[in-house]
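Colleague: missing the sequence, but the structure's below:
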């Protein structure tokens with residue numbers, strides 16, 4: 001894995017230190033706050049964010065950041081926090097779908113950032129109630145020891161079992177999988193939504209006999225391609241990059257990848273909202289976002305971060321200009337309105 005230079009990291013640290021007086025001067029009441037608790041996905045994600053955001057924020061402001069691991073979609077947890085007024089979390093990383101559910105239920109406080117606070121951020125990374133900190137993608141990867149001179153380059157190729165024979169693996173979830181089925185059937189990415197479920201399931205009927213593994217989690221998706229149990233797999237880019245970094249002969253295909261953004265939001269009515277708003281503004285900083293890419297294969301949402309990321313590392317990240325132009329954004333609004341129906345139909349189809 002390519003590492004960001006020590007000089008770049010030092011510049012980021014200096015930037016945080018310079019920002020310190022302004023942050024500290026946010027108000028007398030704020031100075032009384034000594035600690036905030038944020039929920040993130042845990043594991044390597046939490047470790048990377050500690051290096052990029054949590055510890056530098058404490059150094060700049062004196063406010064300690066405690067991070068705890070949260071569930072994949074913590075909407076129920078945040079609803080309970082707000083309704084019981086038991087603020088065990090002051091902020092949480094949310095996907096766009098979780099953000100929209102909570103915002104609709106009036107369970108989030110506004111983050112109150114200005115255009116100056118978010119200079120360089122991608123438009124899809126900022127709303128009045130949420131600030132996106134990282135971009136992830138679902139793509140496919142294939143074994144380069146299986147496909148050499150002629151390799152798959154699209155979802156149509158993934159579905160083409162005659163030209164590219166071999167064992168496949170897809171997610172045991174309709175999310176992403178339905179889009180992939182429609183792309184394989186020739187639907188352009190900009191014409192996907194609303195998803196044509198009848199057409200998607202007809203496309204899935206064609207590939208179903210050739211799917212050796214329906215994976216149920218990120219670790220499983222990585223294991224089946226790393227071990228060679230399958231020859232190609234639909235997979236999250238971070239998982240695929242870890243397999244590649246581990247030495248497995250695979251290639252990531254960014255063409256027609258599906259991307260999403262996740263970021264921080266604030267449970268409504270908490271006692272430390274001002275401090276959390278300070279913290280969220282801090283996370284918009286380009287140099288701070290560049291710092292976490294040394295440890296995570298997620299893309300920064302601040303385009304200015306790429307000034308501080310080596311080109312060879314940037315090539316591995318979803319939001320890099322070269323990769324971003326090949327991908328499309330998932331329609332979270334459609335999924336928010338149709339998730340239950342799509343899930344029920346998909347699970348019934350899997351058993352048929």
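Modeller: Perfect, thanks for sending it. Everything numeric here is computed off the predicted structure, so don't read it as measured data.

Colleague: so what's residue 270 closest to, chain neighbours aside?
Modeller: residue 87 (4.6 Å; C-beta to C-beta, 6 or more residues apart in numbering). For every residue, glycine as well, the C-beta is placed using N, CA and C.

Colleague: got the contact list for that neighbour?
Modeller: For residue 87, the contacting residues are 81, 267, 269, 270, 271, 272, by C-beta atoms under 8 Å, 6 or more residues apart in numbering.

Colleague: do the same with residue 201
Modeller: Contacts of residue 201 were listed using C-beta under 8 Å, 6+ apart, and they are 181, 345, 349.

Colleague: what of residue 244?
Modeller: Each residue near residue 244 by C-beta under 8 Å, 6+ apart is listed here: 141, 250, 251, 252.

Colleague: so which of the residues you listed are in strands?
Modeller: Counting by DSSP state E, the part of the contacts of residue 244 found in strands is 141, 250, 251, 252.

Colleague: could I get those residues in JSON lines, plus columns for pLDDT and neighbour count?
Modeller: Listed next are the ones in strands among the contacts of residue 244 as JSON lines, based on pLDDT from 0 to 100; neighbours: other C-beta atoms under 10 Å:
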{"residue": "141", "pLDDT": "98", "neighbour count": "28"}
{"residue": "250", "pLDDT": "97", "neighbour count": "25"}
{"residue": "251", "pLDDT": "96", "neighbour count": "15"}
{"residue": "252", "pLDDT": "97", "neighbour count": "20"}
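
Colleague: which one of those is nearest residue 324?
Modeller: Proximity of the ones in strands among the contacts of residue 244 to residue 324 was ranked by C-beta to C-beta; the top entry is residue 252 with 14.2 Å.

Colleague: so what sits opposite the closest one in the bridge?
Modeller: Beta-bridge pairing of residue 252 under DSSP bridges involves residue 141.

Colleague: pretty sure it sits against residue 141.
Modeller: Yes: under the criterion of C-beta atoms under 8 Å, residue 252 is in contact with residue 141, at a separation of 5.1 Å.

Colleague: and for these two, which residues touch both?
Modeller: 240, 244.

Colleague: what are the ranges of the helices in the stretch 101-250 of the chain?
Modeller: Using DSSP state H, counting those that start in this stretch, the helices assigned to the stretch 101-250 of the chain run over residues 155-159, 174-184, 197-207, 218-226, 237-245.

Colleague: winner for burial among those?
Modeller: Looking across those with neighbours counted as mean count of other C-beta atoms under 10 Å, the highest average goes to helix 174-184: a mean of 23.

Colleague: and the gap between the residue nearest to residue 270 and residue 73?
Modeller: Spatial separation of residue 87 from residue 73 under the definition C-beta to C-beta, to the nearest Å is 20 Å.

Colleague: return the helix or strand in the protein with minimum mean pLDDT.
Modeller: helix 6-24 (a mean of 39; mean pLDDT, DSSP states H and E).

Colleague: before we move on, the earlier item: tabulate the contacts of residue 244 (a markdown table), appending distance to residue 61.
Modeller: Rendered in a markdown table, the data for these read as follows (distance: C-beta to C-beta, whole Å):
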| residue | distance to residue 61 |
| --- | --- |
| 141 | 41 |
| 250 | 42 |
| 251 | 43 |
| 252 | 38 |
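
Colleague: quick check, nearest of those residues to residue 115?
Modeller: Distance to residue 115, by C-beta to C-beta, is smallest for residue 252 among the contacts of residue 244, at 34.5 Å.

Colleague: and that closest one, what does it touch?
Modeller: 139, 141, 237, 240, 241, 244.

Colleague: how near is the second one to residue 174?
Modeller: Right, residue 141. According to C-beta to C-beta, residue 141 and residue 174 sit 21 Å apart.

Colleague: for the last one, same thing?
Modeller: Summarising the geometry, the distance separating residue 244 from residue 174, computed by C-beta to C-beta, is 27 Å.

Colleague: kindly report the same for the third one.
Modeller: When C-beta to C-beta is applied, the distance between residue 237 and residue 174 equals 20 Å.

Colleague: got it, and the fourth one?
Modeller: Shown here: residue 240 relative to residue 174, a distance of 21 Å by C-beta to C-beta.

Colleague: from the chain's centre, how far out does the strand or helix carrying residue 56 sit?
Modeller: Taking DSSP states H and E as the criterion, the element that holds residue 56 is helix 55-61. Taking the mean C-alpha point of helix 55-61 and that of its whole chain, the gap between them comes to 24 Å (C-alpha atoms, centre = their mean, to the nearest Å).

Colleague: stretch 149-162 now?
Modeller: In terms of C-alpha atoms, centre = their mean, the centre of stretch 149-162 is set 26 Å apart from its chain centre.

Colleague: how about residues contacting that stretch?
Modeller: Contacts for stretch 149-162 (C-beta under 8 Å, 6+ apart): 140, 142, 144, 163-164, 168, 180-181, 183-186, 203, 206-207, 210, 232, 234, 251, 253, 255-256.

Colleague: repeat that with 6 Å
Modeller: The set of residues external to stretch 149-162 that reach it, using C-beta atoms under 6 Å, 6 or more residues apart in numbering, is 140, 142, 164, 180, 183, 184, 207, 210, 255, 256.

Colleague: having no further points to raise, I will conclude here.
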